[in-house]
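Asker: sequence and predicted model, in that order:
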Amino acid sequence: MIIIDKVGRTREIRWTARRKAGLVLDLLAGASLDEAARTSGVDVASLVAWRDHFVRSGIDGLKGYRPESGTVK
């Protein structure tokens with residue numbers, strides 16, 4: 001992904017799943033979408049797509065989960 005840093009330089013950055021998840025979790029905890037986009041250099045559309053995909057995948061991850069045992073059924 002190409003981003004523009006704070007001083008206006010363009011550079012390429014690799015967003016690992018862990019880094020994306022950190023931003024998504026911040027959004028789900030109530031962080032401002034515009035602020036997250038501004039500080040990370042990621043466009044709003046990408047953040048929304050990451051968040052939506054994370055939420056959809058999260059539902060699949062909970063299928064068969066039994067909280068009393070902490071295991072997947």
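Answerer: Received, thanks. Residues are numbered from 1 along each chain as shown.
Asker: list the contacts of the residue nearest to the spatial centre of the chain.
Answerer: The centroid of the chain falls nearest to residue 24 when counting by Cα atoms, centre = their mean (2.8 Å). Counting by Cβ atoms under 8 Å, 6 or more residues apart in numbering, residue 24 touches 47, 50-51, 54. Placement of C-beta: from N, CA and C, glycine included.
Asker: now name the helix or strand holding residue 42.
Answerer: Under DSSP states H and E, no helix or strand contains residue 42.
Asker: what residues of stretch 4-19 count as buried?
Answerer: Applying a neighbour-count criterion of 16 or more other Cβ atoms under 10 Å, one finds residue 15 buried in stretch 4-19.
Asker: and the strands in the chain, which stretches?
Answerer: 2-4, 10-12, 65-66, 71-72 (DSSP state E).
Asker: other SSEs contacting the second one?
Answerer: Spelled out, it's strand 10-12. For strand 10-12, the packing partners by 3 or more Cβ pairs under 8 Å, 6 or more residues apart in numbering; DSSP states H and E come out as strand 2-4.
Asker: separation between residue 12 and residue 5?
Answerer: Between residue 12 and residue 5 the computed distance is 11 Å (Cβ to Cβ, to the nearest Å).
Asker: then residue 43?
Answerer: From residue 43 over to residue 5 the distance is 14 Å, taken as Cβ to Cβ.
Asker: over to residue 26?
Answerer: Using Cβ to Cβ, residue 26 is found at 20 Å from residue 5.
Asker: how about low-confidence regions in this protein?
Answerer: Low-confidence segments of the chain (pLDDT under 70): 1-3, 59, 61-73.
Asker: repeat that for 90
Answerer: Low-confidence segments of the chain, defined by pLDDT under 90: 1-19, 21, 39-42, 46, 49, 53-73.
Asker: quick one: the helices in the chain, in order.
Answerer: 17-28, 33-40, 44-62 (DSSP state H).
Asker: now the shortest one: buried residues?
Answerer: The reference is to helix 33-40. For helix 33-40, by 16+ other Cβ under 10 Å, it's 36-37, 40.
Asker: alright, calling it a day.
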